[in-house]
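*Asks:* sharing a sequence plus its predicted fold:
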Amino acid sequence: MIKSEICELLGITYPIFQGGMAWIADGKLAAAVSEGGGLGIIAAGNAPGDYVREQIQIARSLTEKPIGVNIMLLSPFADEVAQVVIEEKVNVVTTGAGNPSKYIKDWKAAGIHVIPVVASVALAKLMTRLGASALIAEGGESGGHVGELTTMVLVPQICDATTLPVIAAGGIADGRGFAAALMLGACGVQMGTRFLSAEECSIHASYKEKIIKATDLCTMVTGKRLGHPVRSLRTQFARDYSKAEYGGMPDEELEMLGNGALRLAVQKGDDKKGCFLSGQVAAMVKQEQPAGEIIKEVMEGAEPVLRRASQWVK
Ligand code: TUI
(Lines give C-alpha, C1' and ligand atoms only; values in the text may rest on other atoms or scores of the structure.)
Protein backbone atom coordinates (compact mmCIF):
# COMPACT_ATOMS: atom_id res chain seq x y z
CA MET A 1 0.00 0.00 0.00
CA ILE A 2 1.42 3.37 -1.02
CA LYS A 3 0.29 6.35 1.05
CA SER A 4 1.48 9.92 1.02
CA GLU A 5 0.83 13.19 2.80
CA ILE A 6 -1.73 14.25 0.17
CA CYS A 7 -3.98 11.29 1.15
CA GLU A 8 -4.20 12.46 4.74
CA LEU A 9 -4.55 16.11 3.79
CA LEU A 10 -7.53 15.51 1.47
CA GLY A 11 -9.03 12.34 2.99
CA ILE A 12 -8.43 10.19 -0.11
CA THR A 13 -7.19 6.58 -0.24
CA TYR A 14 -4.74 6.78 -3.15
CA PRO A 15 -2.61 9.77 -4.25
CA ILE A 16 -4.12 9.90 -7.74
CA PHE A 17 -6.03 12.92 -9.11
CA GLN A 18 -8.12 12.74 -12.27
CA GLY A 19 -7.36 15.72 -14.52
CA GLY A 20 -10.09 18.35 -14.95
CA MET A 21 -10.57 17.87 -18.68
CA ALA A 22 -12.83 20.49 -20.26
CA TRP A 23 -16.12 19.11 -21.71
CA ILE A 24 -15.11 15.62 -20.48
CA ALA A 25 -14.67 15.47 -16.71
CA ASP A 26 -18.28 15.58 -15.53
CA GLY A 27 -19.93 14.64 -12.23
CA LYS A 28 -20.24 10.99 -13.23
CA LEU A 29 -16.54 10.51 -14.03
CA ALA A 30 -15.41 12.51 -10.99
CA ALA A 31 -17.64 10.44 -8.68
CA ALA A 32 -16.31 7.17 -10.13
CA VAL A 33 -12.71 8.25 -9.54
CA SER A 34 -13.46 9.40 -5.99
CA GLU A 35 -15.33 6.17 -5.26
CA GLY A 36 -12.26 4.33 -6.58
CA GLY A 37 -10.15 6.03 -3.92
CA GLY A 38 -8.60 8.84 -5.98
CA LEU A 39 -9.66 12.47 -6.28
CA GLY A 40 -12.33 13.00 -8.94
CA ILE A 41 -12.33 16.48 -10.43
CA ILE A 42 -15.17 18.12 -12.36
CA ALA A 43 -13.99 20.40 -15.17
CA ALA A 44 -15.64 23.80 -15.38
CA GLY A 45 -13.94 24.43 -18.74
CA ASN A 46 -15.78 27.23 -20.53
CA ALA A 47 -19.15 26.33 -18.99
CA PRO A 48 -21.36 28.68 -16.92
CA GLY A 49 -21.87 28.36 -13.15
CA ASP A 50 -25.20 26.52 -13.41
CA TYR A 51 -23.64 23.65 -15.36
CA VAL A 52 -20.89 23.29 -12.77
CA ARG A 53 -23.41 23.37 -9.90
CA GLU A 54 -25.43 20.62 -11.56
CA GLN A 55 -22.36 18.42 -12.06
CA ILE A 56 -21.29 18.90 -8.42
CA GLN A 57 -24.76 17.81 -7.33
CA ILE A 58 -24.62 14.75 -9.63
CA ALA A 59 -21.24 13.78 -8.15
CA ARG A 60 -22.54 14.30 -4.61
CA SER A 61 -25.49 12.00 -5.35
CA LEU A 62 -23.06 9.25 -6.43
CA THR A 63 -20.36 9.51 -3.76
CA GLU A 64 -19.77 10.85 -0.28
CA LYS A 65 -16.02 10.98 -0.86
CA PRO A 66 -14.16 14.28 -1.47
CA ILE A 67 -14.50 15.83 -4.92
CA GLY A 68 -12.76 18.68 -6.69
CA VAL A 69 -13.58 21.24 -9.37
CA ASN A 70 -11.06 22.51 -11.91
CA ILE A 71 -11.48 26.14 -12.90
CA MET A 72 -10.03 27.06 -16.28
CA LEU A 73 -9.00 30.65 -15.69
CA LEU A 74 -9.34 31.75 -19.33
CA SER A 75 -13.07 31.00 -19.14
CA PRO A 76 -15.45 33.98 -19.37
CA PHE A 77 -17.36 32.29 -16.49
CA ALA A 78 -14.38 31.91 -14.14
CA ASP A 79 -15.69 34.52 -11.63
CA GLU A 80 -19.12 32.89 -11.55
CA VAL A 81 -17.74 29.37 -11.10
CA ALA A 82 -15.37 30.63 -8.38
CA GLN A 83 -18.50 31.56 -6.38
CA VAL A 84 -20.37 28.31 -7.14
CA VAL A 85 -17.59 26.15 -5.65
CA ILE A 86 -17.94 28.11 -2.41
CA GLU A 87 -21.74 27.79 -2.32
CA GLU A 88 -21.56 24.06 -3.08
CA LYS A 89 -18.75 23.51 -0.56
CA VAL A 90 -16.52 21.40 -2.79
CA ASN A 91 -13.51 19.90 -1.04
CA VAL A 92 -10.81 20.91 -3.51
CA VAL A 93 -10.39 23.51 -6.25
CA THR A 94 -7.69 23.08 -8.86
CA THR A 95 -6.98 25.83 -11.38
CA GLY A 96 -5.45 25.83 -14.82
CA ALA A 97 -4.23 28.08 -17.62
CA GLY A 98 -3.50 31.10 -15.44
CA ASN A 99 -2.92 32.74 -12.09
CA PRO A 100 -5.73 32.27 -9.50
CA SER A 101 -4.38 34.78 -6.92
CA LYS A 102 -7.52 36.93 -6.76
CA TYR A 103 -9.73 34.00 -5.66
CA ILE A 104 -7.53 32.26 -3.11
CA LYS A 105 -8.52 34.23 0.02
CA ASP A 106 -12.25 33.54 -0.45
CA TRP A 107 -11.75 29.86 -1.26
CA LYS A 108 -9.57 29.36 1.80
CA ALA A 109 -12.09 31.18 4.01
CA ALA A 110 -14.71 28.69 2.77
CA GLY A 111 -12.50 25.77 3.88
CA ILE A 112 -11.63 24.71 0.33
CA HIS A 113 -8.21 23.21 -0.44
CA VAL A 114 -6.70 25.25 -3.28
CA ILE A 115 -4.37 23.28 -5.56
CA PRO A 116 -3.28 25.31 -8.59
CA VAL A 117 -1.63 23.88 -11.68
CA VAL A 118 1.72 25.59 -12.05
CA ALA A 119 3.91 25.47 -15.13
CA SER A 120 6.70 27.70 -13.75
CA VAL A 121 8.76 28.20 -10.59
CA ALA A 122 7.58 31.83 -10.25
CA LEU A 123 3.90 30.85 -10.00
CA ALA A 124 4.78 28.00 -7.59
CA LYS A 125 6.46 30.47 -5.23
CA LEU A 126 3.56 32.92 -5.41
CA MET A 127 0.97 30.18 -4.77
CA THR A 128 2.98 28.91 -1.79
CA ARG A 129 3.03 32.44 -0.32
CA LEU A 130 -0.72 32.89 -0.83
CA GLY A 131 -1.60 29.72 1.07
CA ALA A 132 -2.30 26.99 -1.49
CA SER A 133 -2.64 23.50 0.06
CA ALA A 134 -0.55 21.76 -2.62
CA LEU A 135 0.62 22.32 -6.20
CA ILE A 136 0.16 20.38 -9.43
CA ALA A 137 3.30 20.53 -11.59
CA GLU A 138 2.07 19.79 -15.10
CA GLY A 139 4.60 19.18 -17.85
CA GLY A 140 4.07 19.63 -21.58
CA GLU A 141 3.54 15.89 -22.25
CA SER A 142 -0.01 16.45 -21.02
CA GLY A 143 -3.06 16.92 -23.18
CA GLY A 144 -4.82 20.25 -23.60
CA HIS A 145 -3.23 23.56 -22.72
CA VAL A 146 0.50 22.99 -22.22
CA GLY A 147 3.32 24.92 -20.61
CA GLU A 148 6.90 25.10 -21.90
CA LEU A 149 8.67 22.58 -19.62
CA THR A 150 8.48 18.79 -19.53
CA THR A 151 7.41 16.89 -16.40
CA MET A 152 10.95 15.54 -15.87
CA VAL A 153 12.34 19.07 -15.74
CA LEU A 154 9.44 20.88 -14.07
CA VAL A 155 8.65 18.61 -11.11
CA PRO A 156 12.05 18.70 -9.33
CA GLN A 157 12.26 22.47 -9.79
CA ILE A 158 8.78 22.98 -8.34
CA CYS A 159 9.67 20.66 -5.43
CA ASP A 160 12.75 22.78 -4.74
CA ALA A 161 10.71 26.00 -4.89
CA THR A 162 7.98 25.03 -2.39
CA THR A 163 7.39 23.41 0.98
CA LEU A 164 3.95 22.22 -0.19
CA PRO A 165 3.08 18.71 -1.42
CA VAL A 166 3.58 18.47 -5.20
CA ILE A 167 1.43 16.40 -7.57
CA ALA A 168 3.09 15.50 -10.87
CA ALA A 169 1.07 15.62 -14.09
CA GLY A 170 1.81 15.12 -17.77
CA GLY A 171 3.10 11.87 -19.25
CA ILE A 172 1.91 9.56 -16.46
CA ALA A 173 -0.31 6.58 -17.26
CA ASP A 174 0.93 3.57 -15.29
CA GLY A 175 2.77 2.37 -12.20
CA ARG A 176 6.16 3.17 -13.70
CA GLY A 177 5.19 6.78 -14.30
CA PHE A 178 3.71 6.99 -10.81
CA ALA A 179 6.94 5.64 -9.28
CA ALA A 180 9.05 8.01 -11.38
CA ALA A 181 6.98 10.95 -10.16
CA LEU A 182 7.77 9.98 -6.56
CA MET A 183 11.46 9.77 -7.46
CA LEU A 184 11.30 13.35 -8.75
CA GLY A 185 9.96 14.49 -5.38
CA ALA A 186 6.20 14.46 -6.01
CA CYS A 187 3.84 12.82 -3.51
CA GLY A 188 1.13 11.93 -6.02
CA VAL A 189 0.08 12.15 -9.64
CA GLN A 190 -2.66 13.57 -11.80
CA MET A 191 -3.73 11.63 -14.89
CA GLY A 192 -6.08 12.86 -17.59
CA THR A 193 -5.56 10.80 -20.73
CA ARG A 194 -5.58 7.45 -18.88
CA PHE A 195 -9.08 8.26 -17.58
CA LEU A 196 -10.39 8.98 -21.11
CA SER A 197 -10.79 5.21 -21.45
CA ALA A 198 -12.72 4.85 -18.17
CA GLU A 199 -16.10 3.16 -18.55
CA GLU A 200 -17.62 6.09 -16.65
CA CYS A 201 -16.11 8.63 -19.06
CA SER A 202 -18.94 9.74 -21.38
CA ILE A 203 -16.95 10.93 -24.41
CA HIS A 204 -18.04 9.83 -27.90
CA ALA A 205 -17.13 6.19 -28.69
CA SER A 206 -14.89 7.28 -31.58
CA TYR A 207 -12.84 9.52 -29.20
CA LYS A 208 -12.21 6.52 -26.92
CA GLU A 209 -11.36 4.34 -29.89
CA LYS A 210 -8.85 6.91 -31.18
CA ILE A 211 -7.12 7.00 -27.78
CA ILE A 212 -6.98 3.22 -27.48
CA LYS A 213 -5.59 2.85 -31.02
CA ALA A 214 -3.11 5.73 -30.70
CA THR A 215 0.61 5.08 -31.22
CA ASP A 216 3.70 6.86 -29.92
CA LEU A 217 3.78 9.85 -32.31
CA CYS A 218 0.03 10.40 -32.40
CA THR A 219 -0.15 13.81 -30.69
CA MET A 220 0.95 17.30 -31.70
CA VAL A 221 0.85 20.85 -30.33
CA THR A 222 -1.07 23.60 -32.12
CA GLY A 223 -2.06 27.13 -31.11
CA LYS A 224 1.37 28.48 -30.21
CA ARG A 225 0.91 31.53 -32.45
CA LEU A 226 -2.18 32.69 -30.53
CA GLY A 227 -0.41 32.10 -27.21
CA HIS A 228 -2.47 29.07 -26.13
CA PRO A 229 -0.59 25.95 -27.14
CA VAL A 230 -2.78 22.85 -26.97
CA ARG A 231 -1.78 19.18 -27.33
CA SER A 232 -4.23 16.98 -29.22
CA LEU A 233 -4.36 13.89 -31.42
CA ARG A 234 -2.78 14.39 -34.84
CA THR A 235 -6.09 14.37 -36.74
CA GLN A 236 -7.19 16.06 -39.94
CA PHE A 237 -8.34 19.06 -37.86
CA ALA A 238 -4.99 19.38 -36.05
CA ARG A 239 -3.08 19.18 -39.35
CA ASP A 240 -5.36 21.75 -41.03
CA TYR A 241 -5.06 24.07 -38.03
CA SER A 242 -1.29 23.76 -38.01
CA LYS A 243 -1.14 24.52 -41.73
CA ALA A 244 -3.32 27.61 -41.26
CA GLU A 245 -1.30 28.72 -38.24
CA TYR A 246 2.03 28.59 -40.05
CA GLY A 247 0.54 29.61 -43.41
CA GLY A 248 -0.31 33.12 -42.21
CA MET A 249 -4.08 32.91 -41.64
CA PRO A 250 -5.18 36.11 -39.78
CA ASP A 251 -5.63 35.72 -35.98
CA GLU A 252 -9.43 36.21 -36.00
CA GLU A 253 -9.93 33.53 -38.67
CA LEU A 254 -7.62 31.15 -36.81
CA GLU A 255 -9.58 31.77 -33.61
CA MET A 256 -12.82 30.93 -35.48
CA LEU A 257 -11.31 27.71 -36.83
CA GLY A 258 -10.73 26.51 -33.25
CA ASN A 259 -14.12 27.60 -31.89
CA GLY A 260 -16.29 24.72 -30.73
CA ALA A 261 -13.71 22.13 -31.83
CA LEU A 262 -13.38 20.53 -28.36
CA ARG A 263 -17.13 20.04 -28.07
CA LEU A 264 -17.35 18.56 -31.58
CA ALA A 265 -14.74 15.94 -30.61
CA VAL A 266 -16.26 15.06 -27.24
CA GLN A 267 -19.94 14.99 -28.19
CA LYS A 268 -19.92 14.09 -31.90
CA GLY A 269 -16.56 12.35 -32.37
CA ASP A 270 -16.22 14.64 -35.44
CA ASP A 271 -13.04 13.57 -37.28
CA LYS A 272 -12.89 16.59 -39.58
CA LYS A 273 -13.68 19.53 -37.26
CA GLY A 274 -13.14 18.08 -33.77
CA CYS A 275 -10.08 18.72 -31.61
CA PHE A 276 -9.32 15.53 -29.66
CA LEU A 277 -7.24 16.68 -26.69
CA SER A 278 -4.80 14.02 -25.57
CA GLY A 279 -1.51 13.63 -23.77
CA GLN A 280 1.51 11.83 -25.20
CA VAL A 281 0.63 8.75 -23.13
CA ALA A 282 -2.36 7.92 -25.37
CA ALA A 283 -0.27 5.07 -26.83
CA MET A 284 -0.08 3.54 -23.33
CA VAL A 285 -3.87 3.41 -22.93
CA LYS A 286 -4.88 -0.08 -24.04
CA GLN A 287 -8.49 -0.75 -23.10
CA GLU A 288 -11.71 0.57 -21.67
CA GLN A 289 -12.05 -0.28 -17.96
CA PRO A 290 -13.74 1.08 -14.82
CA ALA A 291 -12.07 4.11 -13.23
CA GLY A 292 -11.57 2.19 -9.98
CA GLU A 293 -9.70 -0.55 -11.85
CA ILE A 294 -7.43 2.02 -13.53
CA ILE A 295 -6.49 3.43 -10.12
CA LYS A 296 -5.80 -0.05 -8.66
CA GLU A 297 -3.70 -1.04 -11.67
CA VAL A 298 -1.51 2.07 -11.40
CA MET A 299 -1.06 1.68 -7.64
CA GLU A 300 -0.31 -2.05 -7.86
CA GLY A 301 2.06 -1.45 -10.78
CA ALA A 302 4.04 1.14 -8.80
CA GLU A 303 4.78 -1.12 -5.81
CA PRO A 304 7.24 -3.57 -7.43
CA VAL A 305 8.93 -0.70 -9.28
CA LEU A 306 9.52 1.19 -6.05
CA ARG A 307 10.70 -1.99 -4.26
CA ARG A 308 13.19 -2.74 -7.03
CA ALA A 309 14.53 0.82 -6.95
CA SER A 310 16.74 0.10 -3.95
CA GLN A 311 18.71 -2.56 -5.92
CA TRP A 312 20.69 0.24 -7.59
CA VAL A 313 22.21 1.34 -4.33
CA LYS A 314 25.25 -0.85 -3.55
O1 TUI B 1 -5.36 24.09 -18.22
C2 TUI B 1 -4.87 23.04 -18.54
N3 TUI B 1 -5.31 22.34 -19.60
C4 TUI B 1 -6.32 22.74 -20.46
S5 TUI B 1 -7.26 24.11 -20.33
C6 TUI B 1 -8.07 23.73 -21.72
S7 TUI B 1 -9.34 24.73 -22.39
C8 TUI B 1 -8.50 25.73 -23.47
N9 TUI B 1 -8.98 25.81 -24.67
C10 TUI B 1 -8.37 26.59 -25.58
C11 TUI B 1 -7.26 27.33 -25.27
C12 TUI B 1 -6.74 27.22 -24.04
C13 TUI B 1 -7.36 26.41 -23.09
C14 TUI B 1 -7.62 22.56 -22.21
N15 TUI B 1 -6.66 22.02 -21.49
N16 TUI B 1 -3.85 22.51 -17.84
C17 TUI B 1 -3.29 23.17 -16.72
C18 TUI B 1 -2.22 24.08 -17.12
N19 TUI B 1 -2.07 25.26 -16.64
N20 TUI B 1 -1.24 23.82 -18.00
C21 TUI B 1 -0.44 24.92 -18.04
C22 TUI B 1 -0.99 25.83 -17.16
C23 TUI B 1 -0.55 27.12 -16.79
C24 TUI B 1 0.09 27.97 -17.67
C25 TUI B 1 0.47 29.23 -17.28
C26 TUI B 1 -0.79 27.55 -15.49
C27 TUI B 1 -0.41 28.80 -15.09
C28 TUI B 1 0.21 29.62 -15.97
O29 TUI B 1 0.62 30.83 -15.47
C30 TUI B 1 0.28 32.00 -16.10
C31 TUI B 1 0.67 33.14 -15.21
O32 TUI B 1 -0.06 34.13 -15.24
O33 TUI B 1 1.66 33.02 -14.48
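*Replies:* Cool, got the structure.

*Asks:* and the end-to-end length of stretch 171-191?
*Replies:* Criterion C-alpha to C-alpha, to the nearest Å; first-to-last residue distance in stretch 171-191 is 8 Å.

*Asks:* hmm, it touching the ligand?
*Replies:* No. Contact of stretch 171-191 with the ligand is not found when judged by C-beta under 6 Å from any ligand atom; the minimum separation is 9.4 Å. Bear in mind the C-beta positions are built from the backbone N, C-alpha and C, glycine included.

*Asks:* show me what contacts the closest residue to the ligand within the stretch 151-300 of the chain?
*Replies:* For the stretch 151-300 of the chain, the residue closest to the ligand is residue 228, as judged by C-beta to the nearest ligand atom, at 3.9 Å. Shown here is residue 228, whose contacts under the criterion C-beta atoms under 8 Å, 6 or more residues apart in numbering are 74, 97, 145.

*Asks:* which of those residues are buried?
*Replies:* Using 16 or more other C-beta atoms under 10 Å as the burial test, the contacts of residue 228 include 97, 145 as buried.

*Asks:* how much space separates the residue of the stretch 151-300 of the chain closest to the ligand from residue 112?
*Replies:* According to C-beta to C-beta, to the nearest Å, residue 228 and residue 112 sit 27 Å apart.

*Asks:* same thing with residue 239?
*Replies:* Here the criterion is C-beta to C-beta. By it, residue 239 lies 41 Å from residue 112.

*Asks:* more neighbours: the two, which one.
*Replies:* Using other C-beta atoms under 10 Å, the more surrounded residue of residue 239 and residue 112 is residue 112, with 21 against 12.

*Asks:* mind checking how far that one is from the ligand?
*Replies:* Taking C-beta to the nearest ligand atom, to the nearest Å as the measure, residue 112 falls 18 Å from the ligand.

*Asks:* give me phi/psi at the residue lying closest to that residue once chain neighbours are set aside?
*Replies:* Excluding the flanking residues, the one nearest residue 112 by C-beta to C-beta, 6 or more residues apart in numbering is residue 93, at 5.3 Å. When quoted as degrees, to the nearest 10, the phi and psi of residue 93 stand at phi -120, psi 130.

*Asks:* I'd say residue 93 and residue 83 touch.
*Replies:* No. Here residue 93 lies out of contact with residue 83, judged by C-beta atoms under 8 Å, at a distance of 11.6 Å.

*Asks:* who's more crowded, those two?
*Replies:* Set side by side, residue 93 and residue 83 give different neighbour counts by other C-beta under 10 Å, the larger being at residue 93 (29 against 13).

*Asks:* could you list every residue that touches the more buried one?
*Replies:* Taking C-beta under 8 Å, 6+ apart as the definition, contacts of residue 93 comprise 68-71, 85, 107, 112-115.

*Asks:* any chance of those residues in JSON lines, plus distance to residue 310?
*Replies:* Supplementary listing: these in JSON lines, determined by distance: C-beta to C-beta, whole Å:
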{"residue": "68", "distance to residue 310": "34"}
{"residue": "69", "distance to residue 310": "39"}
{"residue": "70", "distance to residue 310": "36"}
{"residue": "71", "distance to residue 310": "40"}
{"residue": "85", "distance to residue 310": "42"}
{"residue": "107", "distance to residue 310": "40"}
{"residue": "112", "distance to residue 310": "38"}
{"residue": "113", "distance to residue 310": "33"}
{"residue": "114", "distance to residue 310": "35"}
{"residue": "115", "distance to residue 310": "30"}
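
*Asks:* remind me, longest helix of the chain?
*Replies:* Residue-count comparison of every helix in the chain, with assignments taken from DSSP state H, identifies helix 291-309 as the longest.

*Asks:* how much space separates residue 285 from residue 56?
*Replies:* According to C-beta to C-beta, residue 285 stands 27 Å off from residue 56.

*Asks:* also residue 184?
*Replies:* Distance from residue 184 to residue 56, counting by C-beta to C-beta: 32 Å.

*Asks:* now residue 133
*Replies:* If you measure residue 133 against residue 56 using C-beta to C-beta, the figure is 19 Å.

*Asks:* between these two, which has more neighbouring residues?
*Replies:* Just comparing residue 133 and residue 56: by other C-beta under 10 Å the higher neighbour count belongs to residue 56, 23 against 19.

*Asks:* which SS class is that one?
*Replies:* Three-state call for residue 56 (DSSP: H, G, I helix; E, B strand; the rest coil): helix.

*Asks:* leaving out the residues flanking it, which one is nearest to it?
*Replies:* Among residues not flanking residue 56 along the chain, residue 88 sits closest, at 4.6 Å (C-beta to C-beta, 6+ apart).

*Asks:* just the pLDDT for the one you found.
*Replies:* The per-residue pLDDT reported for residue 88 equals 98.
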